[in-house]
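**Q** Sequence and predicted structure are below.
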Amino acid sequence: MSFLIALFWIAVAIAGALTAGWLFLKIAASVTRGGTARALRSAPVTAGFGMLVILLYILVALLAPVIAPYAEREVVGAQFLPWDSTHLLGTDNLGRDMFTRLVYGARNTVGIAFLTTALAFSIGSILGLLAATVGGWMDQVLSRIVDILMAIPSLIFSLLLLTIFGTSVVTLILVIATIDSTRVFRLARSVALNIVVMDYIEAAKLRGEGLWRLITREILPNALAPLVAEFGLRFCFVFLMISALSFLGVGIQPPTADWGSMVKDNAALITFGDVTPLLPAGAIALLTVAVNFVVDWMLHRASGLKE
């Protein structure tokens, strides 16, 4: 029974990722409507740097078994060995290669963060647009549920739910996606409320457009700009949330490599002047900055503003 439940939630997560991917393609088409090559050539230095960093992280995540010199969970030496030619970044508190763990952490931390963001963004944006379009009792019910969930501090709420339901990867994705979808819902609903009162929406209704077509063809294209920014920001917040939960011991569980838990496990080295624990923290910060650079550029282009 538990296996079937796990398969169900995995299917839900995949559906969310596909929905977010479809939405991202629409966003990218809108942002680069002047031509992809032309858009990339006109990108500022910050956006180019951000895209380069994101591409590098994706390559490292995909090629982790090729890049890493050891297996993810393999103990290869004594504890806290210094940097040398054999262990480029030394070893951790259990004698595992830090460079290997850092490489595999890109796959685990970033991959789970993206899947969580995709699911949260799909749930929040669809429900937000639906609430604004339908209105009435549906809007009231969904809005009050979101208000209740947002009244609880997200970190405390996450800790509570993970303590109750366990700390598996599926549970972690569902808990964070549920909590973060409330923020997406509020933004999507707020933007859509300003759109549904427009004359062209009324004209579409008089033409007999169905609800789904009304949302995807009339409302969504005009709400892309703020949703572009929200997707990037949600990814950053989810990324940091997963790292924080792992640092507290309830996120991605060992022996799976994760940047947040790597900081916690090797924090004692800082007292000896060793910067090794700062490397996974720096990887987290670098990706967060890179994503924000790209999001700012996409938002600037989608808004139609001139340089």
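**A** Thanks, I have the structure now.

**Q** Verify the stated contact: residue 142 with residue 131.
**A** Yes - with contact defined as Cβ atoms under 8 Å, residue 142 reaches residue 131; the gap is 4.6 Å. Quick note: C-beta positions are derived from backbone N, CA and C, even for glycine.

**Q** Which neighbours do those two have in common?
**A** With contacts defined as Cβ atoms under 8 Å, 6 or more residues apart in numbering, the residues adjacent to both residue 142 and residue 131 are residue 185.

**Q** next helix or strand past the host helix or strand of residue 180?
**A** Under the criterion DSSP states H and E, the helix or strand holding residue 180 is helix 169-195. If you walk from helix 169-195 toward the C-terminus, the next helix or strand you reach (DSSP H and E) is helix 199-206.

**Q** Next, the buried residues of that next one.
**A** Buried residues in helix 199-206, counting neighbours by 16 or more other Cβ atoms under 10 Å, are found at 201, 204.

**Q** List of residues touching that helix?
**A** 195, 214, 217, 218, 219.

**Q** Now for the first one: which residues touch it?
**A** The contact partners of residue 195, taken as Cβ under 8 Å, 6+ apart, are 132, 201, 218, 219, 222, 223.

**Q** how does it look with 10 Å?
**A** Going by Cβ atoms under 10 Å, 6 or more residues apart in numbering, residue 195 touches 129, 132, 133, 201, 218, 219, 220, 221, 222, 223.

**Q** Report pLDDT for it.
**A** Per-residue confidence (pLDDT) for residue 195: 86.

**Q** Could you number the chain from 305 rather than 1 from now on?
**A** From this message on, residue numbering opens at 305, which makes the last subject residue 499.

**Q** Next up, phi/psi of residue 401, please.
**A** Torsion angles at residue 401 (phi, psi; degrees, to the nearest 10) stand at phi -70, psi 120.

**Q** Now it: closest residue in space, sequence neighbours ignored.
**A** Taking Cβ to Cβ, 6 or more residues apart in numbering, and ignoring the residues beside it in sequence, residue 401 has residue 374 as its nearest neighbour in space, at 4.7 Å.

**Q** Give me the neighbour count for residue 521.
**A** Using other Cβ atoms under 10 Å, residue 521 has 12 neighbouring residues.
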